[in-house]
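Novice: I'd like to go over a predicted model; first the sequence, then the structure.
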Amino acid sequence: MSGEHEGTSLAPPYWWCLTHERAEGRDGCANTVRLGPFDTKEEAEQALETARKRSEAWDNDPKWNDVPEGGASS
């Protein structure tokens with residue numbers, strides 16, 4: 001989507017719709033079924049991969065790991 005504001009701070013945000021599996025603008029589905037917002041349509045289209053990478057990073061981050069080192073959680 002090419003708009004006069006694209007690439008500027010006035011560019012519309014995009015979300016990834018989990019229901020329709022596509023990038024949407026402000027007037028899309030309810031936020032309860034969307035991931036975002038993202039600055040570009042392309043970033044929104046990568047939302048699931050972005051979420052997977054972030055989850056993996058958090059799973060391996062000792063600051064966010066609830067399991068004590070060398071042991072299982074209770």
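Specialist: Yep, that arrived. Numbering: from 1, shown residues only.

Novice: for the chain, what spans make up the strands?
Specialist: Chain-ordered strands for the chain, with DSSP state E as the definition, fall at 14-17, 22-24, 34-38.

Novice: which of these is buried the deepest?
Specialist: Among the strands of the chain, the stretch with the highest mean neighbour count (mean count of other C-beta atoms under 10 Å) is strand 14-17, at a mean of 23. The way it works is simple: take the backbone N, C-alpha and C, and place the C-beta from them, glycine included.

Novice: I'd like to know which elements that one is packed against.
Specialist: Under the contact criterion of 3 or more C-beta pairs under 8 Å, 6 or more residues apart in numbering; DSSP states H and E, strand 14-17 touches strand 22-24, strand 34-38, helix 41-45, helix 47-59.

Novice: I'd guessed residue 34 sits against residue 18; true?
Specialist: Yes. Using C-beta atoms under 8 Å, residue 34 is in contact with residue 18, at 6.6 Å.

Novice: Point out where the protein drops to low pLDDT.
Specialist: 1-9, 66-74 (pLDDT under 70).

Novice: sorry, back to before: export the strands of the chain to a markdown table and tack on distance to residue 61?
Specialist: Formatted as a markdown table, the strands of the chain follow (distance: least, C-beta to C-beta, whole Å):
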| stretch | distance to residue 61 |
| --- | --- |
| strand 14-17 | 24 |
| strand 22-24 | 28 |
| strand 34-38 | 20 |
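
Novice: Figure out which of those strands is closest to residue 47.
Specialist: Nearest of these to residue 47, taken as C-beta to C-beta: strand 14-17 at 3.4 Å.

Novice: residues making contact with that closest one?
Specialist: With C-beta atoms under 8 Å, 6 or more residues apart in numbering as the test, strand 14-17 has contacts from 22-25, 28-29, 31, 33-41, 43-45, 47-48.

Novice: Please name the strands paired to it in the sheet, noting orientation.
Specialist: In the sheet, strand 14-17 lines up against strand 22-24 (antiparallel), strand 34-38 (antiparallel) (DSSP bridges).
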